[in-house]
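Enquirer: Sharing a model prediction with you, sequence too.
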Amino acid sequence: MPRTDENGRQLKALLDYLLDGDLEAKEIYDSLGTSSSTYYRRIKEQDYPNAEELRRVADRFDLSYPDLQIRFGLMSRQEVWSYIESAPVTVATINETVNKTATRRPTKLSELSPRQDAPPL
């Protein structure tokens, strides 16, 4: 039996829920970079999905990789928070200044003029 999320859903069912639609199996095995036969064999194994498979799915469908790991029990929320707190935070500063000149937009039709680079009508 493959891994399920905290609500008992397998990966495809969770993706259907998160992406608000019926996801084709082809989209999943394409995101995993496997053939259809490998995908259908993998979904029956106990270690499906593993961390690498979750990373690939997260990248392909623009989902949160840590969230998927938490949902499938590969990491706890506490482990994610510990990792975030232990990572050094750096702040980059901008050395050059940018001059922003305020451009006034014409508000009346009579104040509008044609662009000089525009072709004639």
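Expert: Thanks, I have it.
Enquirer: and the gap between Lys26 and Ser110?
Expert: Relative to Ser110, Lys26 is positioned 58 Å away (criterion: Cβ to Cβ, to the nearest Å). In this view, the C-beta of every residue, glycine as well, is placed from N, C-alpha and C.
Enquirer: Sorry, wrong one. I was asking about Leu63.
Expert: According to Cβ to Cβ, Leu63 and Ser110 sit 52 Å apart.
Enquirer: So the two - more neighbours on which side?
Expert: A direct count of neighbours by other Cβ atoms under 10 Å for Leu63 and Ser110 places Leu63 higher, at 16 against 7.
Enquirer: residue contacts, that one?
Expert: 18, 57 (Cβ atoms under 8 Å, 6 or more residues apart in numbering).
Enquirer: For Leu14, the count of nearby residues, please.
Expert: Leu14 has 22 neighbours, counted by other Cβ under 10 Å.
Enquirer: So it sits against Arg3, correct?
Expert: No: in this structure, Leu14 sits apart from Arg3 without contact. The criterion is Cβ atoms under 8 Å, and the distance is 10.4 Å.
Enquirer: Would you mind writing the CA trace of the worst-scoring helix or strand of the chain on mean pLDDT as PDB?
Expert: The weakest-scoring helix or strand in the chain, judged by mean pLDDT, DSSP states H and E, is helix 77-86 (a mean of 83). Taking only C-alpha atoms (Å, rounded to 0.1, in the frame of the first residue of the first chain), the coordinates of helix 77-86 have been written out as PDB:
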ATOM      1  CA  ARG A  77       6.200  20.600  10.900                       C
ATOM      2  CA  GLN A  78       8.600  20.900  13.700                       C
ATOM      3  CA  GLU A  79      11.500  19.600  11.500                       C
ATOM      4  CA  VAL A  80      10.600  22.200   8.800                       C
ATOM      5  CA  TRP A  81      10.500  25.000  11.400                       C
ATOM      6  CA  SER A  82      13.800  23.800  12.900                       C
ATOM      7  CA  TYR A  83      15.400  23.900   9.500                       C
ATOM      8  CA  ILE A  84      14.100  27.400   8.700                       C
ATOM      9  CA  GLU A  85      15.200  28.700  12.100                       C
ATOM     10  CA  SER A  86      18.700  27.200  11.700                       C
END
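Enquirer: now it, how far from the centre of its chain.
Expert: The gap between where helix 77-86 is centred and where its chain is centred comes out at 20 Å by Cα atoms, centre = their mean, to the nearest Å.
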